[in-house]
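Engineer: Here is my input, please return the structure:
(one chain, ligands or ions: 1)
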Amino acid sequence: MPSSPADTLPVPTTEAGRAALAALVSDPSGALVAFDFDGTLAPIVADPRDSAPQPGIVEALAALASRLGTVAVITGRPAATVVRLGGLERVPGIVVLGHYGAERWTDGRVVAADPPPGVALVREELPALIDASGAPSGTWIEDKGRSLAVHTRRAEDPERALELLSGPLSALAERADLQVEPGRLVIELRPQGVDKGAALTSLVEERSARSVLFAGDDLGDLPAFAAVAALRGQGVPGLTVCSSSDEVTAVADAADLVVPGPAGLTDLLGRLTTRIRGLAG
Ligand SMILES: O=P(O)(O)OC[C@H]1O[C@H](O[C@H]2O[C@H](CO)[C@@H](O)[C@H](O)[C@H]2O)[C@H](O)[C@@H](O)[C@@H]1O
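Structural biologist: This next block holds a predicted model:
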């Protein structure tokens, strides 16, 4: 089957999404594009320490960065971790917001508030809680410094492990005054008061962006989708893109445009660059 010309863009399923894509292409210097990391820029792997960007996607981000107003990553991971795993320092001017917006990395420097005391309490109690829950072996703790995530992807029955852990983790989060953040075969306990939606909105306002695109794959990305909808209400055209998977369907349901995982997103970014470059002459 012949492939479509390199500057052919996919068509969002919503009118608002189509308008936002048109705005982004016609006024690239006013656009802010932001991406989740795991499952969006990087394929999902069994061990988060092995995450690597989709081949070609960092180069695509770098090409866009020279044409768009702002390129950002908004992740649940520590910002510096994602910069290192992704090699994101290769993207000129990129802003990386870590821990759902609690941290900000720019030009090699991280700015962040201190974590609340509940994080230390969770760190102390989590190993015994996992043992007592009966969650199968392979369940493990990712200590991210400002939050802790319990992963079940490597457990014998990952879904069953999540079921066993859900109640005890919620109770611990309540005692620690932390928030439960469910994700792809992971439950995270993290500080309250931040989310990807607030992080995205702040960045759009700070940069006076005239259009916005956000791409994500997981439940923690839905607040950013809601922020895009709210920004539209304030006159900022916005496009939500789902990097699809079989594991989470709610994100595709909420998106203006669905692409097949990080590979599909790489293709979309390449097409955007080609189109913008073509229009610039
Ligand atoms: O906001 P994100 O950048 O998407 O981070 C969300 C979580 O991503 C990581 O976990 C997920 O990716 C892992 C590596 O592919 C995978 O093994 C795991 O099952 C996924 O849930 C990360 O480890 C978490 O800390 C992030 O919160």
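Engineer: Kindly provide the distance from S243 to D36.
Structural biologist: Between S243 and D36 the computed distance is 8 Å (C-beta to C-beta, to the nearest Å). (Glycine included, C-beta is placed from N, CA and C.)
Engineer: How about D246?
Structural biologist: 17 Å.
Engineer: Does the ligand have contacts with stretch 210-229?
Structural biologist: Yes - residues of stretch 210-229 contacting the ligand under C-beta under 6 Å from any ligand atom: D218, G220.
Engineer: Span of that stretch from start to end?
Structural biologist: Stretch 210-229 stretches 14 Å from its first residue to its last (C-alpha to C-alpha, to the nearest Å).
Engineer: buried set for it?
Structural biologist: 210-218, 220-228 (16 or more other C-beta atoms under 10 Å).
Engineer: before we move on, back to that, between S243 and D36, what contacts are shared?
Structural biologist: Counting by C-beta atoms under 8 Å, 6 or more residues apart in numbering, the contacts common to S243 and D36 are A215, G216, D217.
Engineer: thinking the first one is in contact with Q54, fair?
Structural biologist: No - using C-beta atoms under 8 Å, A215 is not in contact with Q54, being 11.9 Å away.
Engineer: Enumerate the residues of this structure near the ligand.
Structural biologist: Counting by C-beta under 6 Å from any ligand atom, the chain comes close to the ligand at 36-39, 44-46, 48, 51, 75-77, 142, 144, 149, 151, 153, 183-186, 188, 218, 220.
Engineer: Quick one, which of those are buried?
Structural biologist: 36-39, 44, 48, 51, 75-77, 144, 149, 151, 153, 183-186, 188, 218, 220.
Engineer: re the thing from before, which members of the buried residues of stretch 210-229 are positioned in helices?
Structural biologist: L222, P223, A224, F225, A226, A227, V228 (DSSP state H).
Engineer: The third one and L203, how far apart?
Structural biologist: If I follow you right, that is A224. On the measure of C-beta to C-beta, A224 and L203 end up 10 Å apart.
Engineer: who touches both of the two?
Structural biologist: The contact lists of A224 and L203 share A34, where a contact means C-beta under 8 Å, 6+ apart.
Engineer: hang on, the earlier thing: please flag which of the shared contacts of S243 and D36 sit within strands.
Structural biologist: Judged by DSSP state E, strands contain the following of the shared contacts of S243 and D36: A215, G216.
Engineer: Which ones among the buried ones among the residues of the chain next to the ligand map onto strands?
Structural biologist: Counting by DSSP E, those place A149, H151, G183, V186, E188 in strands.
Engineer: For the stretch 151-281 of the chain, which segments are assigned as helices?
Structural biologist: Secondary structure of the stretch 151-281 of the chain (DSSP state H, counting those that start in this stretch): helices at 158-176, 196-207, 222-233, 250-254, 261-280.
Engineer: got the buried residues for stretch 250-269?
Structural biologist: Judged by neighbour count using 16+ other C-beta under 10 Å, the buried positions of stretch 250-269 are 251, 254-259, 261-262, 264-269.
Engineer: what do you get for stretch 139-148?
Structural biologist: Of the residues in stretch 139-148, those buried (16+ other C-beta under 10 Å) are T139, K144, R146, S147, L148.
Engineer: With stretch 50-66 instead?
Structural biologist: Judged by neighbour count (16+ other C-beta under 10 Å), stretch 50-66 contains these buried residues: S51, P53, Q54, I57, V58, E59, A60, L61, A62, A63, L64, A65.
Engineer: for stretch 147-164, same thing?
Structural biologist: Applying 16+ other C-beta under 10 Å to stretch 147-164 flags S147, L148, A149, V150, H151, T152, R153, A155, P158, A161, L162, L164 as buried.
Engineer: For I94, which non-adjacent residue is closest in space?
Structural biologist: V71 (5.2 Å; C-beta to C-beta, 6 or more residues apart in numbering).
Engineer: Wait, a helix at that neighbour?
Structural biologist: No - using DSSP: H, G, I helix; E, B strand; the rest coil, the assignment for V71 is strand, not a helix.
Engineer: residues contacting it?
Structural biologist: V33, A34, L61, L64, A65, V91, G93, I94, V95.
Engineer: Double-check the fourth one against T273; I have them as touching.
Structural biologist: To tie it back to what came earlier, the one meant is L64. Yes - with contacts counted by C-beta under 8 Å, L64 reaches T273, the gap being 5.6 Å.
Engineer: gap between A20 and V241?
Structural biologist: A20 is 10 Å from V241, by C-beta to C-beta.
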